[in-house]
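>>> Here's a sequence, model it:
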Amino acid sequence: MTEHAHGHHPGEGRPHGHRPDHAHAHGGHSHGQGGHSHAHTVSPDADRRWLRAALALICAFMAVEVAVGLVAHSLALLSDAAHMLTDAASIVLALVAMRLAARPARGGYTYGLKRAEILSAQANGITLLVLSAWLAYEAVRRLIEPPAVTGGLVLVTALAGVVVNLIAAWFLSRANRSSLNVEGAYQHILTDLFGFVATAVAGLIVWTTGFARADALATLVVVALMLRAGYGLVRESGRIFLEAAPAGVDPDALGDHLVAADEVAEVHDLHLWQITSGEPALSAHILVAPSGDCHKVRRRLQELLSTEYGITHATLQVDHVGEQDADTVLHVGSGPAPETAPGHGHGHGHCEDAHGPVHRRGPHHH
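The predicted model follows:
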């Protein structure tokens, strides 16, 4: 008996990005046990309300801060205002991306536009990196030639900024931070909060001691925070775009776990990636012992993936050992069936290219 995956996706037979209330089975293929669960405990509408509230607060205070920064000749205040502008832009991006991601899958976009949120997160990270480079340049220039800074005005404005950013950060903390998109906006505001604390300290130093270079030093603290947050966002969004395995999940260990299940002889063509934040997906070719029950093995493995790894988007192609030798499973086209490539060592002739490590019982190379 042969049980195999859909042929909708070229290459790897990936599962669809169905909505949580959509469950089905075709030809022995299932997307897991019951509905999907993506650990999203806050509704999208609530997410958008919290983000809009934070956006309104930030825009209002940013206008005040620019005016005060120009009057006080404070680069630290102007850098905070510039960072708040990116905060506002990051929230707008997040809102747009959430609306795009909510659109149902149709046409050529079989996952919908879920990765619009990841694109937004990456844009936020790149913005932080670019802005930090400009602010670092300006801070060094002011360290060399410090201008006169009105310390008292800087201190009062920065303390007000701390309060505003605390409220905005609380707003975003109420949204779903498991989304990299929301996390990107949250990181913008959090680094801005720390920046205002540094600016307040700088304002106090300038006001009490007259040490004008404290303003530029505070800016460098903000730069360091922006670099850290920006790098983290670019790295995590890049992993999703490059279809790396979710952080904290070792594909080799997972493959060994699958092949250790009863009646499973081999696991290969194992692919593990994320559709978007909190939506891991997996596809694999499972070879079952000749006397094994393919349906039972598939159900058991999908339950294991769902309960132990949180992977509910799983497409498993399940065959008995030797069934695929007759070029009826993986061979496509009118020509002769491809022979097993030398060196694969499967012994089953399942396909010409293994597309990754082969997992068998006992010691083996990954």
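>>> going on from the longest strand belonging to the chain, what's the next piece of helix or strand?
As assigned by DSSP state E, the longest strand anywhere in the chain is strand 264-274. Following strand 264-274 in sequence order, the next helix or strand is strand 280-288 (DSSP states H and E).
>>> what helices or strands is that next one leaning on?
Contacts defined by 3 or more C-beta pairs under 8 Å, 6 or more residues apart in numbering; DSSP states H and E place strand 280-288 against helix 251-259, strand 264-274, helix 294-309, strand 313-320. From N, CA and C alone the C-beta is placed, and that goes for glycine too.
>>> same thing but at 7 Å, please
strand 264-274, helix 294-309, strand 313-320 (3 or more C-beta pairs under 7 Å, 6 or more residues apart in numbering; DSSP states H and E).
>>> Kindly reformat those as CSV containing distance to residue 83 and mean pLDDT.
Shown next, in CSV, are these (distance: least, C-beta to C-beta, whole Å; pLDDT from 0 to 100):
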stretch, distance to residue 83, mean pLDDT
strand 264-274, 29, 93
helix 294-309, 38, 94
strand 313-320, 37, 92
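>>> is it true that residue 249 touches residue 309?
Yes. Residue 249 is within contact range of residue 309, at 6.3 Å (criterion: C-beta atoms under 7 Å).
>>> What residues of the host helix or strand of residue 194 count as buried?
Assessed by DSSP H and E, residue 194 sits inside helix 180-209. By 16 or more other C-beta atoms under 10 Å, the buried positions in helix 180-209 come out as 180-207.
>>> go on, stretch 88-106?
Going by neighbour count (16+ other C-beta under 10 Å), the buried part of stretch 88-106 is 88-95, 97-98, 100-102, 105.
>>> What score does the closest residue to residue 87 other than its chain neighbours have for pLDDT?
Leaving out its chain neighbours, the residue that sits closest to residue 87 by C-beta to C-beta, 6 or more residues apart in numbering is residue 188, at 4.5 Å. Residue 188 carries a pLDDT value of 77.
>>> can you give me the strands in the protein?
2-3, 25-26, 29-30, 264-274, 280-288, 313-320, 359-360.
>>> How many residues are close by residue 151?
Neighbours of residue 151 under the rule other C-beta atoms under 10 Å: 23.
>>> Oh, that last question was meant for residue 303, not what I typed.
Residue 303: 13 neighbours (other C-beta under 10 Å).
>>> what's the spacing between it and residue 260?
15 Å (C-beta to C-beta, to the nearest Å).
>>> Equivalent analysis for residue 98, please.
Distance from residue 98 to residue 260, by C-beta to C-beta: 40 Å.
>>> still on that earlier bit, of all the strands of the chain, which one is nearest residue 156?
Among the strands of the chain, strand 264-274 comes nearest to residue 156, with 44.9 Å by C-beta to C-beta.
>>> hang on, residue 162 packs against residue 196?
Yes. With contact defined as C-beta under 7 Å, residue 162 counts as touching residue 196 (4.7 Å).
>>> Quick check, pLDDT for residue 24.
37.
>>> ok, now the one 5 residues further on?
In the prediction, the pLDDT value recorded for residue 29 is 43.
>>> Quick check: residue 281 touching residue 275?
Yes. Residue 281 is in contact with residue 275 according to C-beta under 7 Å; the separation is 5.5 Å.
>>> Overlap in contacts, those two.
residue 313 (C-beta atoms under 7 Å, 6 or more residues apart in numbering).
>>> So between those two, which is more surrounded?
residue 281 (24 against 21).
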